[in-house]
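*Asks:* model this:
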Amino acid sequence: VWVVAPEMEMSGVAHCISYTKPMRLVPLEARRFAVDGTPADCVIVAVRHLMAETPPDLILSGVNRGHNVAEDVVYSGTVGGAIEGVIHGFRAIALSQAYGPATMNEADLFAAARAWGAEAVRRVLAAPWDAKAGYGLFYNVNFPPVPADKVRGVRAAAQGRRPNGAFRVQEQVAPNGRTYFWLAHGRGNHESPEGTDAREAGEGWVTVTPLRADLTAHERLGELAEALD
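*Replies:* Presented below is the predicted three-dimensional model:
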């Protein structure tokens, strides 16, 4: 097992890469490295430099603290790492641990992921893969915000959508009198449609969602061509 990970918090960077600035690579111990870059940077450094002669069998991005469901998938650096992996033709899985009222005061926020992580990955590895076909398939796994013994099982789920989006703006006045704004994560997972990641994870399931980096709306290409003609 190799670990090539960002050296600091990288939430919300999506699939960003450090294209206009250099990066520092810090060796910590055998096969353990920190990168002052994004999760996608880490994958590039790993597969094109550190492991160029011994490519990985599987890329695991995470386990991230906090869920990556519904609109979060678009913002997620954890998902961005998995996207970069599949772009290079490797099997890749993004993994995230949700937390909430039932687990906020627990000593280990990752208890559900520890108990179910290996089993979830084994089941995903047994699912269909086409990592080398165009924009290949990768998987997004979310562990629910419940104690490990309350997890209901592993379930396939579509990417959800919250009615009011993922974030709200929170105003705060600093000691110097200036006003600043924070983006605060909103609620509404329970309002996401049934059968989707946000809803099912909130109800205690480990959710698995098949994704692609291809953003083309293929079903619209025909009518677009007609309109352009």
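*Asks:* so the residue nearest in space to the middle of the chain, which of the three states?
*Replies:* The residue lying closest to the centre of the chain (C-alpha atoms, centre = their mean) is V79, at 3.0 Å. Here V79 is recorded as helix under DSSP: H, G, I helix; E, B strand; the rest coil.
*Asks:* and for W116?
*Replies:* Following three-state DSSP, we place W116 in the helix state.
*Asks:* was I right about it contacting D149?
*Replies:* No. If you go by C-beta atoms under 8 Å, W116 and D149 don't touch, sitting 10.7 Å apart. The C-beta positions use only the backbone N, C-alpha and C, and glycine is treated the same way.
*Asks:* higher neighbour count, these two?
*Replies:* Neighbours of W116 and D149, each counted by other C-beta atoms under 10 Å, are more numerous for W116; the result is 19 against 8.
*Asks:* what sits against the more buried one?
*Replies:* Residues near W116 by C-beta atoms under 8 Å, 6 or more residues apart in numbering: F143, A148, V151, V154, V206.
*Asks:* of all those, which two lie farthest apart?
*Replies:* A148 and V154 (13.5 Å; C-beta to C-beta).
*Asks:* between the contacts of W116, which sits nearest A30?
*Replies:* F143 (28.5 Å).
*Asks:* distance of that closest one relative to L211?
*Replies:* For F143, the distance to L211 (C-beta to C-beta, to the nearest Å) stands at 17 Å.
*Asks:* which one's more surrounded, the two?
*Replies:* Looking at F143 and L211 with other C-beta under 10 Å, you find the greater number of neighbours at F143, namely 31 against 18.
*Asks:* need the contact list for that one.
*Replies:* Counting by C-beta under 8 Å, 6+ apart, F143 touches 63, 95-98, 110, 112-113, 116-117, 120, 151, 201, 206.
*Asks:* all good on my end, thank you.
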